[in-house]
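>>> Structure, please.
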Amino acid sequence: MSPTAKPPRKPATRSVAKSKDSLSQPAEPTTMLYRDEVDPSKDAEDFGRLKYATEYEISAIHDGDAIVDELCTISLRTARLKSYLTASPYWSTEANAWKGVSGKRELPIVIRAYQTIIDHILTHFGLAKPFSGGRKAWVTCNEAMGNFKQGDFPVPNICVTGKGDYLSVDKQDPSNPSYERSLFFCLVQPHVEFVPRSWQPQVFEPLARYIFYAQPHRRFFRVLLLSQGGHMRLFHFDRSGCINSAAIDINENPVTFVRTILSLSSHDAAAAGFDPDIFWKWEHVGPARVRQGYIRMKTEDSANTLLKIVGNGAFKMTAGVEGASNSLWHVVDESGRDLVVKDGWKYTGNHPDPRHLVRPWEHELLLAGKDLPGVCQIVDYSIGVSTAAFRGATAHVHGSYDEFTHYRFSMEKYGKCALECESGKQLVCGVKSAIGGHQGMYKLRRIIHRDISPGNIVFGTADPEPGWEGVIIDPELGTYTNGHPEANEDHAIATYRIGTQSYMSMLVCGTYNGMIPQFKHDHTDDLESFFWSFLYILSAYEKPGVEKPSIPKILEPVYFSENMGEAYIAKTRFLGKRLDQETLDAIISPSWGHLREKGGLVDKFHDYISDLAFEKEHYVRGGVRDAKKLEAFVAKSDEHYARILEIFQEAIEGFEKAREEEEEDAPRGGPLTPSRAANVQRPREARDGKKRKVDNEDTEDRYNKRVRDDENYVYEYEVYEGDSFEV
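Numbering: from 1, shown residues only. Below is the predicted model:
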């Protein structure tokens, strides 16, 4: 008996059914999430800091039509793309135009039409299936995007999301689009020249900024500008800035439009703009199914090490697009050792801007600090891809192009940063060890750090060995100096453009607008940065772990000046001021104990740094006449380090003495009572006999003395006007 004949199968089709509503009615926008499950209207972690990330305009290069074909390459042949146009219900063969895209229609309807067309392209080529990438286009805003104001949450008109190993979040059926799962954005405007082309990168930069923050393993991000009349312009953002194409008519070039959509939705991590060496996989941990991240560490000897990411992603990222951005990842190696991986971008071009001088690789400086106590210890490193690889031939035809190259290294994981100290003694011991590490790098390895701040001072591991109570990290802005064979004199020139303003030395701040003659950044500038960092912690925190509502008013201009000129004046005044007990009490809370006493650590540290700063300023202002004196002054680095370390050691001994006094005062065999030492004012420590800039008998402070003595001194009457100071 022959089997029953089966009915013929219908031919398979990848086209979705037509929907009249999809081209004639606007879509209801879906809420765009900042992080997955986080509504931007509510408080979000790091959201406030990200709002104000842009401080300078992003550089842009404008190119012709060829950039689209060069950047958006796919393996599909042109014939297959043309066959899609024949099958698509949204392409009119008679009119040679995309249906629903018209300057005569209202903007929300055109946005819906573009979203429908993009969704159909993704579906037709198999990218929309859950196990084939889950690509989906969402309408997230029905208004034309203008310039974002500070504090605005940037939302595109159309957001295309997906799934894949290079995305940390991989939901089967997401109910909302989010920055974490975004592949690319589309912005729809009435005209492609809605603002002058030269302004458009600045308008769209906030979108790229949020993407780079939510996806720290991004190498580049692309935005598609679409017009109601059927034109497109491609924007490519990376660490070198932005390049964008000329306007392309998508009705005259429909194959280019389809190719662009498919390229921006690619399964290939590198083609989509992601680092392929950072990925996530679904794994079973007991009965639970978790999304586990990995970093593939490629070393210089071509070996690969797989590091497991702890947590959901990077625990620290630098906000912004253009420039030497970086991110930090907590990882565990195959032996179970905790490490930190740093991803960074280093300038490798030839721009004359001091920010972009070619400096040593960060891993080279860390390798030089191998086995030095108080210095971050590197484990492995690799140098990656350059931004030139993302830009094709365009990167080589423009002389103004600023090339950045990716690098990665792993290092030992230490404790929390100095801001999160648990006691005054831990803070003092940690900073002392970090200063010792700085001394080792400067004296033994001839390297200057140039970015000392509370965030770059971390505590050692639990029960650290002597000298490892604190560690300096992040020598990204460091360079060779002090006679190093690879030192470049231009690299060591002090500039306000390098470092963190709040903690820069007085004289480095003074390089702003030529207020101070040119000089080399040396160890005394970094030692002063240690002082400002240490003072900030004591003045900004009521006690360890408890931040004050605001910093004392006397220090506000020191740490929060609007520009470098004001910071220079504020630091000059504070260093020139003699700290009496009343001032110390106003700055530092009682919980910090003897650190705030007259003759204590802060007072002595302030006095010594003041002496160094004003002596150096005198030689710097003297120019060629005092060049030899300045050289001799810098050569006394051993003396400078020794005195500061001595001051810190005295403070550490003070903690031991206070503990012994409390133990002696505690009654034996009965309930504990408050220590007598807490109720009786401690005798003030006598000053040493070292010569000071102001004699002990002199009642006026050093700042006023300089105003009186210096004929050329004009700081008292300076008024900031734009980019210059006028007397």
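
>>> Rounded mean pLDDT for stretch 393-400, please.
Mean pLDDT, stretch 393-400: 55.

>>> Ok, stretch 497-517 next?
91.

>>> Quick one: end-to-end length of that stretch, please.
15 Å (C-alpha to C-alpha, to the nearest Å).

>>> Now do that stretch: distance to the chain's middle.
In terms of C-alpha atoms, centre = their mean, to the nearest Å, the centre of stretch 497-517 is set 21 Å apart from its chain centre.

>>> residues near N563, how many?
For N563, the neighbour count with other C-beta atoms under 10 Å is 16. In this view, the C-beta of every residue, glycine as well, is placed from N, C-alpha and C.

>>> Thought Y512 was touching it, still the case?
Yes. Assessed by C-beta atoms under 8 Å, N563 is found in contact with Y512 at 7.1 Å.

>>> T116 and R222: what is the separation?
21 Å (C-beta to C-beta, to the nearest Å).

>>> nope, V332 is what I was after
V332 is 34 Å from R222, where distance means C-beta to C-beta.

>>> Could you check which of the two has the larger neighbour count?
R222 (23 against 14).

>>> Quick check on that one: phi, psi?
Torsion angles at R222 (phi, psi; degrees, to the nearest 10) stand at phi -120, psi 140.

>>> what does the one 3 residues further on give?
The main-chain torsion angles of L225 are listed as degrees, to the nearest 10 and equal phi -90, psi 130.

>>> Which pLDDT value does the model give the spatially closest residue to L328 that is not a sequence neighbour?
Once flanking residues are discounted, L328 sits nearest to K316: 4.3 Å by C-beta to C-beta, 6 or more residues apart in numbering. At K316, the model reports a pLDDT of 90.

>>> K316 and S327 touch, don't they?
Yes. Under the criterion of C-beta under 8 Å, K316 makes contact with S327 at 6.7 Å.

>>> Who has more neighbours out of these two?
S327 (20 against 14).

>>> Checking the more buried one next. Helix, strand or coil?
strand (DSSP: H, G, I helix; E, B strand; the rest coil).

>>> Would you mind listing the buried residues in the helix or strand that contains H618?
Of the helices and strands defined by DSSP states H and E, H618 is found in helix 601-622. For helix 601-622, burial by neighbour count (16 or more other C-beta atoms under 10 Å) applies to 601-614, 616-617, 619-621.

>>> pLDDT of that helix, averaged?
Here the average pLDDT along helix 601-622 is 96.

>>> start at 826 instead
Right, with 826 as the first residue, what we last looked at is helix 1426-1447.

>>> Next SSE downstream of that helix?
Downstream of helix 1426-1447, the next assigned helix or strand under DSSP H and E is helix 1452-1459.

>>> ok, residues contacting that following helix?
Under the criterion C-beta atoms under 8 Å, 6 or more residues apart in numbering, residues F1344, K1345, D1347, H1348, T1349, E1440, K1441, Y1444, V1445, G1447 lie in contact with helix 1452-1459.

>>> Turn those residues into TSV, including distance to A1457.
What follows is these, written out as TSV (distance: C-beta to C-beta, whole Å):
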residue	distance to A1457
F1344	14
K1345	14
D1347	12
H1348	14
T1349	13
E1440	11
K1441	11
Y1444	9
V1445	14
G1447	13
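
>>> can you give me phi and psi for D1063?
With angles defined as degrees, to the nearest 10, D1063 sits at phi -150, psi -170.

>>> which ones are touching it?
Per C-beta under 8 Å, 6+ apart, neighbours of D1063: R1044, F1045, F1046, V1146, T1212, F1215, R1216, F1229.

>>> what residues are up against the closest residue in space to it that isn't next to it in sequence?
Closest residue in space to D1063, ignoring its immediate chain neighbours: F1045 at 4.0 Å, by C-beta to C-beta, 6+ apart. By C-beta under 8 Å, 6+ apart, the contact list for F1045 reads H1061, F1062, D1063, G1098, T1212, F1215.

>>> Just flag the most distant two among the contacts of helix 1452-1459.
Taking C-beta to C-beta as the measure, the contacts of helix 1452-1459 span a maximum distance of 19.9 Å, between H1348 and G1447.

>>> Could you find the closest non-adjacent residue to the residue nearest in space to the middle of the chain?
A centroid search over the chain (C-alpha atoms, centre = their mean) returns T1143, at 1.5 Å, as the residue closest to the centre. Closest residue in space to T1143, ignoring its immediate chain neighbours: S1150 at 4.4 Å, by C-beta to C-beta, 6+ apart.

>>> quick one, phi/psi of the nearest residue to P851 once chain neighbours are set aside?
Closest residue in space to P851, ignoring its immediate chain neighbours: P933 at 3.4 Å, by C-beta to C-beta, 6+ apart. Taking degrees, to the nearest 10, you get phi -60, psi -30 for the backbone angles of P933.

>>> Okay, G1370 and S1416: tell me how far apart.
Using C-beta to C-beta, G1370 is found at 10 Å from S1416.
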